[in-house]
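Engineer: sequence first, then the predicted structure, then my questions.
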Amino acid sequence: MAVDERRAALGGVLVVDKPADWTSMDVCAKLRGVFHQKRVGHGGTLDPMATGVLPVFLGRATRAVEFVTDGEKEYIASLRLGVTTDTQDTTGTVLEERPVEVTGERLCKVLEQFAGDIMQVPPMYSAIKIDGKKLYELARKGKEVERKPRPVTIHALELLGWPDAGEDFKLRVVCSKGTYVRTLCHDIGQALGCGGCMAELRRTRVGAFPIGEAVTMETLVNAADPWQYVRPVEDCFPQPSVTISGTALKRARNGNPFPLAKPAGEVKVFDENGDFLLLGRCDGKECRVVKSFYEVEA
């Protein structure tokens, strides 16, 4: 098998710096053509106005999407106080404007209220479905329905300095899956009594993938060999590595538990050629497949 064919067969992960005004699916559609791959997925949707880290999975690596999507995320958000919109960000229609009289002490106390485990009501302009209808479809028709609060975790919420008059506040947010940062901005504004919305959003980390490792779409589209930016799928997993062969390898390739005398916990399993086979879970004597990254043999 030629090198390019082998890379295409194995797939991999791209850490893309998503540009503004692109949807996450726009990025996948473009890269499907760049890499000539049918299977392309992303780990964690970004709104069109947002920029930053978007992990994109090619080929067989799409099996890892669920693990990255569930991971911790970090953002830098611009909070505009005194303005409330129907989308909870500056792309929407302004519903109300109020004067802003906020002291640093007051803002910091309010931010403390949103740290840790909180309940968050999803915005109407979201892809969440209620009774089979996406909320944003209902919102565009001028309808609003009741949404149940959902538990999310804000691991860190930090004010990045104090802005000059008329400028937006910058927040660093580290949060769990399912957190809407624009809703966080809206809720902070409500708690302050002046209203607020999100003016900008940049995702700076998804799991183990930081913005410093992200590649722009322009670079990928114009690269003579875009595969040079593709990372192996095993980079998604921090678990320790093991190598298997013989009977264990044969059983693993057929999706069966295989003997492995390792401490209890998850491991990355490779064959003797260094190819990543699977993520497994050991019990001290044998290992069971959590997710395979190879084609199961008949």
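Structural biologist: That came through fine. Numbers count the residues shown, from 1 in each chain.
Engineer: bridge partners for the nearest residue to residue 155 once chain neighbours are set aside, pull those for me.
Structural biologist: Take residue 155 and drop its neighbours on the chain: the residue closest to it by CB to CB, 6 or more residues apart in numbering is residue 174, 4.2 Å away. For every residue, glycine as well, the C-beta is placed using N, CA and C. For residue 174, the beta-bridge partners are residue 74, residue 156 (DSSP bridges).
Engineer: what score does residue 174 have for pLDDT?
Structural biologist: What the model reports as pLDDT for residue 174 is 98.
Engineer: just checking, it touches residue 76?
Structural biologist: No - the pair residue 174 / residue 76 is not scored as a contact, 10.7 Å apart, by CB atoms under 8 Å.
Engineer: strands of the stretch 101-250 of the chain, start to end?
Structural biologist: 116-120, 129-130, 133-134, 150-159, 169-175, 196-206, 209-210, 215-216, 241-243 (DSSP state E, counting those that start in this stretch).
Engineer: give me the buried positions along stretch 32-47.
Structural biologist: 34-35, 37, 40-44, 46-47 (16 or more other CB atoms under 10 Å).
Engineer: from those residues, which is closest to residue 130?
Structural biologist: Minimum distance to residue 130 across the buried residues of stretch 32-47 is 19.3 Å, recorded for residue 47 (CB to CB).
Engineer: check contacts around the closest one.
Structural biologist: Residues near residue 47 by CB atoms under 8 Å, 6 or more residues apart in numbering: 89, 182, 201.
Engineer: try it again at 7 Å.
Structural biologist: By CB atoms under 7 Å, 6 or more residues apart in numbering, the contact list for residue 47 is empty.
Engineer: measure residue 39 to residue 29 for me?
Structural biologist: Separation of residue 39 from residue 29 (CB to CB, to the nearest Å) stands at 13 Å.
Engineer: and residue 110, by the same measure?
Structural biologist: Distance from residue 110 to residue 29, by CB to CB: 40 Å.
Engineer: likewise residue 77?
Structural biologist: From residue 77 to residue 29 the distance is 27 Å (CB to CB).
Engineer: who's more crowded, those two?
Structural biologist: residue 77 (25 against 12; other CB atoms under 10 Å).
Engineer: is it true that the more buried one touches residue 171?
Structural biologist: Yes - assessed by CB atoms under 7 Å, residue 77 is found in contact with residue 171 at 4.8 Å.
Engineer: ok, now which ones touch residue 185?
Structural biologist: So residue 185 contacts 77, 79, 88, 196-198 (CB under 7 Å, 6+ apart).
Engineer: how is the protein partitioned into domains?
Structural biologist: 3-71+208-235, 73-206, 239-292 (automatic domain parsing).
Engineer: all helices for this structure, in order.
Structural biologist: 3-10, 24-35, 65-69, 104-113, 135-140, 181-192, 217-222, 246-253 (DSSP state H).
Engineer: now distance to residue 156 too, for those helices, in JSON lines please.
Structural biologist: Converted to JSON lines, these look like this (distance: least, CB to CB, whole Å):
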{"stretch": "helix 3-10", "distance to residue 156": "35"}
{"stretch": "helix 24-35", "distance to residue 156": "24"}
{"stretch": "helix 65-69", "distance to residue 156": "20"}
{"stretch": "helix 104-113", "distance to residue 156": "10"}
{"stretch": "helix 135-140", "distance to residue 156": "28"}
{"stretch": "helix 181-192", "distance to residue 156": "12"}
{"stretch": "helix 217-222", "distance to residue 156": "29"}
{"stretch": "helix 246-253", "distance to residue 156": "39"}
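Engineer: quick one: which of the ones you listed is nearest residue 278?
Structural biologist: Of all these, helix 246-253 sits nearest to residue 278, with 6.5 Å by CB to CB.
Engineer: who's in contact with the closest one?
Structural biologist: Applying CB under 7 Å, 6+ apart, the external contacts of helix 246-253 come out as 244, 258-260, 269, 271, 277-278, 289, 294, 296-297.
Engineer: same question, stretch 64-76
Structural biologist: Contact partners of stretch 64-76, identified using CB under 7 Å, 6+ apart, comprise 41, 43-44, 55, 57, 155, 170, 172-177, 181, 201-207, 233, 236.
Engineer: distance from the chain centre to stretch 179-193, please.
Structural biologist: Stretch 179-193 has its C-alpha centroid displaced from the chain centroid by 20 Å (CA atoms, centre = their mean, to the nearest Å).
Engineer: check stretch 67-86 too.
Structural biologist: 12 Å.
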